[in-house]
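1. Predicted model follows, preceded by the sequence.
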Amino acid sequence: MVSKPHGGRLIRRIVAERTRERILSEQHEYPSVQIDHGRAIDIENIAHGVYSPLKGFLTSDDFQSVLDNMRLSNDLPWTIPIVLDIKEKTFDEGDAILLYHGNLPIARMHVEEIYTYDKKEFARKVFKTTDPNHPGIAKVYSLGDYLVGGEIELLNEVPNPFAQYTLRPIETRVLFKERGWKTIVAFQTRNVPHLGHEYVQKAALTFVDGLFINPVLGRKKKGDYRDEVIIKAYEVLFEHYYPKNAAVLATVRYEMRYAGPREAIHHAIMRKNFGATHFIVGRDHAGVGNYYGPYEAWELFDEFPDLGITPMFIREAFYCRKCGGMVNAKICPHSEEFHVRISGTKLRKMIMSGEKPPEYMMRPEVYEVIRSFDNPFVE
């Protein structure tokens with residue numbers, strides 16, 4: 001069966017049209033708060049159930065429990081604080097406020113709590129470091145001094161240039177059911193596919209009914225592939241190398257935190273809400289730099305036997321000249337001299353210099369898609 005949503009029920013926090021019209025007609029009567037793009041996307045994910053069971057931004061009890069125990073205060077696994085920060089208090093607990101991104105009213109929020117917090121504690125417990133050079137920590141240190149907890153109601157979404165590729169959990173669940181899939185493995189990515197990714201995906205697909213490839217679109221660090229490049233690369237891979245009835249490609253908007261092991265758990269919960277029963281946990285999943293061990297995320301899953309989605313730990317693939325194909329350390333008996341590692345960094349350098357990667361690293365069709373863009377990378 002398609003997995004149950006995290007917490008047992010798929011959350012939907014979207015106001016009825018008549019209520020929306022009334023709120024918007026009275027919008028100048030509400031205290032207002034400006035939010036950045038990442039918080040607007042968090043609201044979208046709350047409203048559509050991607051973050052089930054959250055109905056809004058964390059209150060202090062849940063926030064502290066997530067920091068200390070990697071669980072909400074009701075003991076449900078939850079590893080990444082989903083919070084709204086403000087620089088100063090311009091409203092009170094019990095108020096209803098409107099959250100704006102630019103001139104666009106995104107959501108009405110019912111303020112349950114306004115509280116202070118320790119940014120260094122936030123950084124240390126979530127990211128396992130307080131190094132300001134870590135992009136996730138730089139973001140934490142830039143937050144306001146107060147956090148606001150309470151439920152939200154979605155009014156509008158930030159325009160989505162990739163709406164045709166976007167499916168909500170309520171839609172993927174219907175799609176998986178229509179296809180007759182009872183077991184679904186999800187793959188999270190923020191990169192274009194190379195042969196190592198394809199090997200891992202197809203190895204996992206061998207054991208389940210369907211593969212759900214769910215690229216993350218949104219704010220990325222410099223040097224990452226641009227969103228449209230990732231989508232087009234996967235489209236051509238699907239066209240030429242994947243069985244038509246065995247895989248689905250759909251995107252999700254999400255701001256990467258680069259929190260390593262904790263974020264791997266969070267990514268699994270998100271895909272559980274989409275209906276996946278299994279989740280591929282990658283090497284250095286959601287990591288950045290050298291802050292986390294390559295398989296540290298695998299170990300953290302042992303602490304969550306009640307997660308409700310099965311992690312699939314498939315070792316990093318490489319090309320073996322002796323085997324004559326893609327393998328991993330568990331199935332290849334040959335020494336390192338025969339192994340060619342497929343490094344995303346190395347592939348990026350080759351592509352930047354105009355060098356075509358060998359076909360055992362990247363499908364030629366994927367390379368041609370990347371090359372068709374003037375600049376395929378985030379600047």
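-> That came in fine, so what should we check first?
2. what about Ser372, how many neighbours?
-> 10 (other C-beta atoms under 10 Å). Using the backbone N, CA and C atoms, a C-beta is placed for each residue, glycine as well.
3. what about the nearest residue to it once chain neighbours are set aside, which helix or strand?
-> Nearest residue to Ser372 in three dimensions, chain neighbours excluded: Lys232, at 7.9 Å (C-beta to C-beta, 6 or more residues apart in numbering). Per DSSP states H and E, Lys232 falls inside helix 227-241.
4. and if you look at Ile97?
-> Going by DSSP H and E, Ile97 is part of strand 96-101.
5. Same check on Phe279?
-> strand 278-280.
6. Note down every partner strand of that strand and its orientation.
-> strand 184-189 (parallel), strand 310-312 (parallel) (DSSP bridges).
7. which element follows it toward the C-terminus?
-> Remark: after strand 278-280, the chain's next helix or strand is helix 296-300, criterion DSSP H and E.
8. Now that following helix: buried residues?
-> Glu296, Ala297, Trp298, Leu300 (16 or more other C-beta atoms under 10 Å).
9. now swap in stretch 302-312 and tell me
-> Phe304, Leu307, Gly308, Ile309, Thr310, Pro311, Met312.
10. ok, the first one touching Ile265?
-> What it means is Phe304. Yes - counting by C-beta atoms under 8 Å, Ile265 is a contact partner of Phe304 at 6.3 Å.
11. Find residues that contact each of those two.
-> Met70, Pro77 (C-beta atoms under 8 Å, 6 or more residues apart in numbering).
12. ok, back up a step: before we move on, what's the pLDDT of the residue nearest to Ser372?
-> For Lys232, the pLDDT comes out at 97.
13. So, low pLDDT: which residues of the stretch 1-150 of the chain?
-> Along the stretch 1-150 of the chain, no part satisfies pLDDT under 70.
14. Do a quick rundown of the helices in it.
-> In the stretch 1-150 of the chain, the helices defined using DSSP state H, counting those that start in this stretch lie at 17-25, 37-47, 60-69, 119-127, 135-141.
15. Could you identify which of those helices is most buried?
-> Mean neighbour count, computed with mean count of other C-beta atoms under 10 Å, is highest for helix 37-47 among these, reaching a mean of 22.
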